[in-house]
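>>> fold the following, please.
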Amino acid sequence: MDTLGQKIKKLRIENKITLKELGEKTSLSVGFLSQLERGLSTIAIDSLEKIASIFNKEISYFFQKLEETGSVVLRSYNQKTEKIIEDRFIFKNLSANLKDKVMRPRLVQIQPMKKSEEIKTYGHEGEEFIFILEGILTLNLEKEKFNLYPGDSAHYNSEISHNWSNETNNIVKFLVTSTPNPFNEKK
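Sure, this is the predicted structure:
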């Protein structure tokens with residue numbers, strides 16, 4: 001399976017674009033793009049979006065689909081980005097085998113809001129547990145707001161109208177474990 005850098009290089013070569021041309025179109029240096037293609041560097045989401053738009057691809061093209069390994073251990077280097085929402089919410093799967101599990105563990109990263117916006121809450125089946133690792137997460141629960149700091153946690157029924165937001169200028173990272181697990185085959 002191709003890495004992110006390999007996918008970029010493959011697209012670049014298929015489209016007959018040099019590193020220099022890609023650099024000019026994205027405002028990224030040739031050296032950086034070369035390192036990225038060789039897997040020696042990581043890329044910010046907004047820069048990856050620029051590359052995706054040049055090749056007329058959705059940003060999700062660069063991320064691998066959720067795969068099951070069958071193992072009980074998932075090494076950090078094998079964690080996959082599951083999805084990205086609105087370029088701000090990044091979800092990583094934290095389980096090697098979800099098919100026969102009740103819980104669904106994920107690492108969530110939320111970028112700062114670009115501007116003040118209304119946070120819409122929603123409810124759904126199940127329950128959620130969150131544990132804050134970094135930053136300040138705002139938990140919007142019914143009509144209340146809770147600012148959660150590193151080491152704080154919350155456990156609530158998901159049917160209660162809720163949502164998460166990052167109202168700071170820093171990234172927020174937290175663990176979330178939820179039920180039901182949509183990948184569970186025992187339903």
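>>> and the helix or strand of the chain with the lowest mean pLDDT, what does it pack onto?
Every helix and strand in the chain was compared by mean pLDDT, DSSP states H and E; the lowest is strand 81-85, with a mean of 74. For strand 81-85, the packing partners by 3 or more C-beta pairs under 8 Å, 6 or more residues apart in numbering; DSSP states H and E come out as strand 89-93. (Glycine included, C-beta is placed from N, CA and C.)
>>> how far out from the middle of the chain is the strand it packs on?
The chain centre lies 3 Å from the centre of strand 89-93; the measure is C-alpha atoms, centre = their mean, to the nearest Å.
>>> for this protein, which spans come out with low pLDDT?
Flagging of the chain using pLDDT under 70 yields the residue ranges 1-2, 63-71, 86, 183-187.
>>> still on that earlier bit, now the least confident helix or strand of the chain: buried residues?
If you call a residue buried by 16 or more other C-beta atoms under 10 Å, then strand 81-85 has these buried ones: 81, 82, 84.
>>> next: stretch 30-42.
32, 33, 36, 37.
>>> turn those residues into CSV, columns for distance to residue 15 and secondary structure.
CSV is the format used below for those (distance: C-beta to C-beta, whole Å; DSSP: H, G, I helix; E, B strand; the rest coil):
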residue, distance to residue 15, secondary structure
32, 19, helix
33, 14, helix
36, 16, helix
37, 14, helix
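>>> how about these in a markdown table, adding distance to residue 113?
Formatted as a markdown table, the buried residues of stretch 30-42 follow (distance: C-beta to C-beta, whole Å):
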| residue | distance to residue 113 |
| --- | --- |
| 32 | 27 |
| 33 | 29 |
| 36 | 27 |
| 37 | 32 |
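>>> so which of those residues comes closest to residue 96?
residue 36 (27.0 Å; C-beta to C-beta).
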